[in-house]
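Visitor: I need the structure of the sequence given here:
(one chain, ligands or ions: 1)
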Amino acid sequence: MKTASRRDPTGYSRLVGDGHYADAPSGLWGKFDNVRRNWENQITRFAIRPALAHITRQAHAAGRGIRITDLGCGAGEGLDLLLKVPVGAEAVRGRYLIGCDDLAAYHGIDLCPTMITQATRRFATLPQASFAVGDLADLGQLLRGHPPFDLYYNSYGSLSHLEDGQLRRMIDGVLQHQSGPCVVLIDVHGQLSPEWPAYWNYSCDANAPRMQPYNMVWMYPEAERAARLDEQKGYRVRYWRGDELRQYLRGIPGVVERQRSLTLIDRSVLVGRHMDTACFRPGCKPLRRAVNALFEFNQISTPDDLRADDLPSTGDAQADAFFAGYILAWNTLVDWFGRLVSGHHPPAPADLCSAGGPVPAVLREGLEALVEQSKRLAWFNPGDPEANLLQPQFGLLLRQLEFHTQQGLGCGHGLLAVLELGSVTGQR
Ligand SMILES: C[S@@+](CC[C@H](N)C(=O)[O-])C[C@H]1O[C@@H](n2cnc3c(N)ncnc32)[C@H](O)[C@@H]1O
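Guide: As a prediction, the model looks like this:
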């Protein structure tokens, strides 16, 4: 019997086979959900922008390109992030602080060979990009033969995979390698995040293991998470408090002597990944999902979805004071926005942001812009102006609240430390 020809005259089967006709990945969950793209990447960019601007100016003045190494680079996501750091108020040369033309080298290191294969493939056409498999604890050795870098970068908790001794060896490796002024970004998990009350202050107990359970089941659709939990039960990471990380860095010989500045920044305070999985806090309100929906086309988050619950005491007075003020400001904004979109005359931004008021003054302009926008929605017809015009902007306003009020205490899913070092010769 003759088999039917499998030739496809339309050419579409290839597209189907390559996954283009599978369900589009949603912005509501997964590695590249809306919060990662619109909130976390951008907070990371804001955090690093002043230091990046400084080393970029320095490289330009010396007539050379900027050199970056990415520690725990994954598939090279760091390069995507760094090439989109907005210039903001410092705009002189375009929209982003650095472009491919400004880059002399981007060298990624990761322990996972599959990640390195993927990164190499993704950046095959960028001659300045190179990748190598290696353990960050052996950074000194791995960087031998490479000229010093301007930026020793990493993102999304890569350095929480290292035990304290390994992280110290890695930083020693940077100190040995560095010669001129440079920036070291340290991206770890925050210990005081509302996602995991069982970890709050565990490292104050000298006997508690420094590495504690973690998992990444949030990468999978909700229905698959329970099964994946078992696969990932051996996974351990280090969770850090801000003051602890500061002290730890100061204890590494060479850091204090060369340190120009050290800035700590909390990222994803109420919107960490595990707010949605509730793996570490049963019954936790899925606020990340609600904020993801703010940014999703044709999706609505209601004030009830977005209101944050009060937290019990973390056992850290500074963190408690921060959370009390932050949650009050967050919920005030949520209620204000609810009234705005339902036509119930919300309080004037000037009153909300007045001295001693619940919302920081820096948000006033954004609130006023939203009020103006809410009066000009008729052009968006047919459509859903609340879901597609106002809610995404409200999401950005909440992000601004986080960036302008966080205190780098370790109260977010992520804790960033931006360490600026002077040159080895002692020039700060
Ligand atoms: C959370 S992922 C972050 C990936 C990427 N930087 C990003 O922004 O999405 C952590 C990465 O650290 C890598 N990693 C874990 N332990 C490591 C080690 N000891 N040395 C080098 N890389 C490591 C993992 O393979 C993984 O790619």
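
Visitor: list the buried ones in the lowest-mean-pLDDT helix or strand in the chain?
Guide: When the helices and strands of the chain are compared on mean pLDDT, DSSP states H and E, helix 12-17 comes out lowest with a mean of 73. By neighbour count on 16 or more other CB atoms under 10 Å, the buried set for helix 12-17 is empty. Every C-beta, even on glycine, is put in place using the N, C-alpha and C of the backbone.

Visitor: so is whatever helix or strand comes next after that helix next to the ligand?
Guide: Using DSSP states H and E, the helix or strand that follows helix 12-17 in sequence is helix 34-35. No - judged by CB under 6 Å from any ligand atom, helix 34-35 stays clear of the ligand, getting no closer than 13.7 Å.

Visitor: what about the residue of the stretch 251-400 of the chain found nearest the ligand, how many neighbours?
Guide: Per CB to the nearest ligand atom, residue 273 is where the stretch 251-400 of the chain lies closest to the ligand, at 10.6 Å. By other CB atoms under 10 Å, the residues close to residue 273 number 25.

Visitor: could you do residue 398 as well?
Guide: Neighbour number of residue 398 under other CB under 10 Å is 23.

Visitor: wait, it sits on residue 332?
Guide: No - counting by CB atoms under 8 Å, residue 398 stays clear of residue 332, with 11.4 Å between them.

Visitor: still on that earlier bit, show me the contacts for the residue of the stretch 251-400 of the chain closest to the ligand.
Guide: Residues near residue 273 by CB atoms under 8 Å, 6 or more residues apart in numbering: 195, 216, 218, 288, 413.

Visitor: that one and residue 287, how far apart?
Guide: 11 Å (CB to CB, to the nearest Å).

Visitor: identify the contacts common to those two.
Guide: Joint contacts of residue 273 and residue 287 (CB under 8 Å, 6+ apart) do not exist.

Visitor: residues of the stretch 1-150 of the chain that sit close to the ligand?
Guide: Counting by CB under 6 Å from any ligand atom, the stretch 1-150 of the chain sits next to the ligand at 72, 73, 74, 77, 78, 110, 111, 112, 115, 135, 136, 137.

Visitor: the third one - how many residues pack around it?
Guide: Neighbour count of residue 74, defined by other CB under 10 Å: 19.

Visitor: pretty sure it is in a helix, no?
Guide: No - Residue 74 sits outside any helix when classified using DSSP: H, G, I helix; E, B strand; the rest coil, being coil.

Visitor: and the pLDDT for residue 90?
Guide: Note for residue 90: predicted pLDDT of 52.

Visitor: who's residue 66 bridged to?
Guide: residue 103 (DSSP bridges).

Visitor: let me see the contact set for it.
Guide: 55, 56, 59, 98, 102, 103, 104, 150, 151 are the contacts of residue 66 under CB under 8 Å, 6+ apart.

Visitor: from residue 351, how far out is it?
Guide: 45 Å.

Visitor: do residue 384 as well
Guide: 29 Å.

Visitor: those two - which one has more neighbours?
Guide: Applying other CB under 10 Å to residue 384 and residue 351 shows that residue 384 carries more neighbours, namely 16 against 10.

Visitor: quick check: phi and psi at the more buried one.
Guide: phi -130, psi 90 (degrees, to the nearest 10).

Visitor: ok, now residue 358?
Guide: Torsion angles, degrees, to the nearest 10, at residue 358: phi -70, psi -20.

Visitor: let me see the ranges of the strands in the stretch 251-400 of the chain.
Guide: Here the stretch 251-400 of the chain has its strands, by DSSP state E, counting those that start in this stretch, at 259-267.

Visitor: so in the protein, which helix runs the longest?
Guide: Identified as the longest helix of the chain according to DSSP state H is helix 317-341.

Visitor: list the helices and strands that helix packs on?
Guide: helix 303-306, helix 364-374, helix 391-405 (3 or more CB pairs under 8 Å, 6 or more residues apart in numbering; DSSP states H and E).

Visitor: which regions of the chain sit below the pLDDT cut-off?
Guide: For the chain, residues meeting the criterion pLDDT under 70 lie at 1-6, 18-25, 89-94, 426-428.

Visitor: domain-wise, how is it divided?
Guide: 25-269+407-421, 306-405 (automatic domain parsing).

Visitor: as JSON lines, those with distance to residue 14 would be great.
Guide: Output for the domains of the chain, formatted as JSON lines (distance: least, CB to CB, whole Å):
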{"stretch": "domain 25-269+407-421", "distance to residue 14": "19"}
{"stretch": "domain 306-405", "distance to residue 14": "33"}
